[in-house]
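Visitor: Task: produce atomic coordinates for the following.
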Amino acid sequence: MSNTLPTFQSTLQIMALSPLDGRYAGKVAQLRPLMSEQGYMHRRVQVEIAWFIALSEAGFAEFKPLSAASRNYLISLVTQFSTEDALAIKDEERVTNHDVKAVEYWIKKKFKGHAELEAASEFVHFACTSEDINNTSHALQLQAGRDQVILPGLDGLIAKLREMAHAYADVPMLSRTHGQTASPTTVGKEVANVVVRLQHARERIARVPMMAKMNGAVGNYNAHLSAWPEFDWEAFSRKVVETPAIPTHASPAQLAGPVGLGLTFQPYSIQIEHHDYMAELFDAVARGNTILMDWSRDVWGYVSLGYFKQRLKVGEIGSSTMPHKVNPIDFENAEGNLGLANALLKHMSEKLPISRWQRDLSDSTVLRNMGVALGYTTLAYQSLSVGLNKLELNEEALAADLEAAWEVLAEPIQTVMRRYGVQGAYEQLKEVTRGKTVTAQALHGLIASLPIPQADIDRLLAMTPGSYVGKAAELARRV
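Guide: This next block holds a predicted model:
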């Protein structure tokens with residue numbers, strides 16, 4: 001067989017319907033174990049095991065506390081969960097045609113040969129509805145995706161932009177409002193604006209509580225109370241949900257301690273957790289994405305103006321017919337992927353909090369696309385990071401633009417005139433500058449004739465478009 005034939009993996013990628021699993025598979029690899037179906041199964045196993053162990057420690061005569069050996073074995077089913085385990089659960093699902101029941105049966109099969117666990121096997125999935133397992137699993141997935149991928153990705157962008165804001169704090173730049181020349185700023189200050197916005201967006205994403213409920217078929221602990229009517233099931237459920245989860249590399253002391261999920265308890269629900277926190281999270285991520293989309297377009301424009309050059313990559317081609325081109329493709333890719341991400345995030349935030357009566361299943365297929373939305377977000381972060389690291393400031397182009405825009409000094413001149421009560425200050429400068437090519441000589445002639453103190457005349461004469469930047473540099477350095 002020829003070694004030029006594609007590998008099985010490359011065949012899968014080139015046949016993938018989603019570019020996240022094809023062209024860009026390697027770039028979103030960090031999300032795959034968290035947000036894929038395998039990741040979902042892994043979390044379901046984690047929830048079932050945490051509930052089972054907690055039941056064993058609840059004080060029921062019918063379910064004595066587990067031995068340390070059994071406990072550690074159960075925890076290993078979570079910490080050592082593998083692709084082979086996920087495939088075995090899929091085999092169960094082919095028989096049951098029910099994904100949560102498949103997890104339950106897989107766990108019970110894992111009890112074989114462990115007499116203590118086999119005897120207690122009916123306490124697997126005890127009093128739970130499927131959604132008790134699913135909503136907690138989704139919360140765990142989102143918590144991991146946010147904390148391990150989204151927030152670190154944002155932090156990397158914020159750090160790079162902060163570095164740029166400080167490095168370019170003093171580099172003057174011509175502003176453009178409505179696409180027209182306007183009061184100068186500095187490159188660093190414009191980057192600082194983005195940093196502050198992103199920091200606020202990051203805080204909103206980070207503080208969304210990951211909510212979870214474990215209260216039965218319609219949120220009333222009906223089945224639970226039928227078995228043990230006097231037991232405080234709400235307090236028990238809260239404890240399981242809120243007790244921290246055992247880390248992957250747990251110490252012996254941690255293995256012996258309480259087992260929970262490390263989420264925030266939702267006391268009121270129908271069959272499903274209401275997904276309001278999901279909507280809040282997805283909206284928060286979308287807000288950050290919108291800020292980055294705005295920045296991607298601005299940088300694209302600055303590259304077009306020549307304010308930034310892009311470092312060349314050996315062998316890279318910008319156009320199939322125009323050899324000179326160095327396209328801002330990273331910012332274009334980021335913009336496109338941010339748009340895709342937001343389309344999904346906004347749909348999910350609008351759809352998921354809506355459920356007919358006590359439950360309908362229209363959320364299930366939508367929830368399976370959480371990883372897609374976060375995948376396009378992650379892909380955009382990476383494109384932006386690559387693009388930002390290619391940028392080189394072109395101070396000559398920035399200076400040339402400023403030198404050709406003396407009309408922007410009409411603002412300070414008329415403002416000083418108004419300070420001293422010169423009548424029609426704004427109108428005089430409008431007559432001299434609006435829609436005209438303004439030279440330094442023409443402005444200086446006007447300034448010298450003004451009926452204002454000589455010190456202010458001298459100050460205005462010394463001003464240039466490049467020096468008229470207000471507190472821009474200070475603000476940039478302070479971010």
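
Visitor: Now do the contacts for the closest residue to Trp357 other than its chain neighbours.
Guide: Distances taken as C-beta to C-beta, 6 or more residues apart in numbering place Ile270 nearest to Trp357, at 7.6 Å, with adjacent residues excluded. Using the backbone N, CA and C atoms, a C-beta is placed for each residue, glycine as well. If you count contacts by C-beta atoms under 8 Å, 6 or more residues apart in numbering, Ile270 has them with Val218, Gly219, Ser355, Trp357, Gln358, Arg359.

Visitor: Do a quick rundown of the strands in the stretch 201-350 of the chain.
Guide: 211-212, 264-265, 308-310 (DSSP state E, counting those that start in this stretch).

Visitor: For the first one, which strands pair with it and how are they oriented?
Guide: It stands for strand 211-212. strand 264-265 (parallel) (DSSP bridges).

Visitor: Show me how far the partner strand is from its chain's centre.
Guide: 22 Å (C-alpha atoms, centre = their mean, to the nearest Å).

Visitor: tell me the mean pLDDT for that strand?
Guide: Mean pLDDT, strand 264-265: 98.

Visitor: cool, stretch 465-479 as well?
Guide: pLDDT averaged over stretch 465-479 gives 97.

Visitor: How about residues contacting that stretch?
Guide: So stretch 465-479 is contacted by 162, 165-166, 168-170, 172, 174, 183-186, 188-189, 191-192, 195-196, 399, 402-403, 405-406, 408-409, 412 (C-beta under 8 Å, 6+ apart).

Visitor: Among those residues, name the buried ones.
Guide: 162, 165-166, 168-170, 172, 174, 183-186, 188-189, 191-192, 195-196, 399, 402, 405-406, 408-409, 412 (16 or more other C-beta atoms under 10 Å).

Visitor: next SSE after the host helix or strand of Thr378?
Guide: Thr378 belongs to helix 370-390 when assigned by DSSP states H and E. As assigned by DSSP H and E, the chain's next helix or strand after helix 370-390 is strand 391-393.

Visitor: Could you list the buried residues of that following strand?
Guide: For strand 391-393, the neighbour count (16+ other C-beta under 10 Å) marks Leu391, Leu393 as buried.

Visitor: quick one: strands adjacent to it?
Guide: strand 308-310 (antiparallel).

Visitor: one step back: from Asp363, how far out is the residue nearest to Trp357?
Guide: 12 Å (C-beta to C-beta, to the nearest Å).

Visitor: List the residues that are in contact with both of these two.
Guide: Ser355.

Visitor: returning to what we had before: strands - which of the contacts of stretch 465-479 land there?
Guide: Among the contacts of stretch 465-479, DSSP state E puts Pro172, Leu174, Ser183, Pro184, Thr185, Thr186 in strands.

Visitor: Just give me how far the biggest helix by length in the chain sits from the chain centre.
Guide: Determined from DSSP state H, the single longest helix within the chain is helix 276-305. Between the centre of helix 276-305 and the centre of its chain there are 10 Å (C-alpha atoms, centre = their mean).

Visitor: now do stretch 183-192
Guide: 26 Å.

Visitor: do stretch 261-268 as well
Guide: The answer for stretch 261-268 is 22 Å, by C-alpha atoms, centre = their mean.

Visitor: which residues are in contact with that stretch?
Guide: Outside stretch 261-268, the residues that reach it (C-beta under 8 Å, 6+ apart) are 46-47, 50, 136, 139-140, 143, 209-213, 215, 219, 234, 237-238, 240-245, 273-274, 277.

Visitor: Could I get the buried residue list for that stretch?
Guide: So stretch 261-268, judged by 16+ other C-beta under 10 Å, has buried residues Leu261, Gly262, Leu263, Thr264, Phe265, Gln266.

Visitor: quick one on the thing from earlier: got the buried residues for the longest helix of the chain?
Guide: Buried, per 16+ other C-beta under 10 Å, within helix 276-305: 277-289, 291-293, 295-296, 298-300, 302-303.
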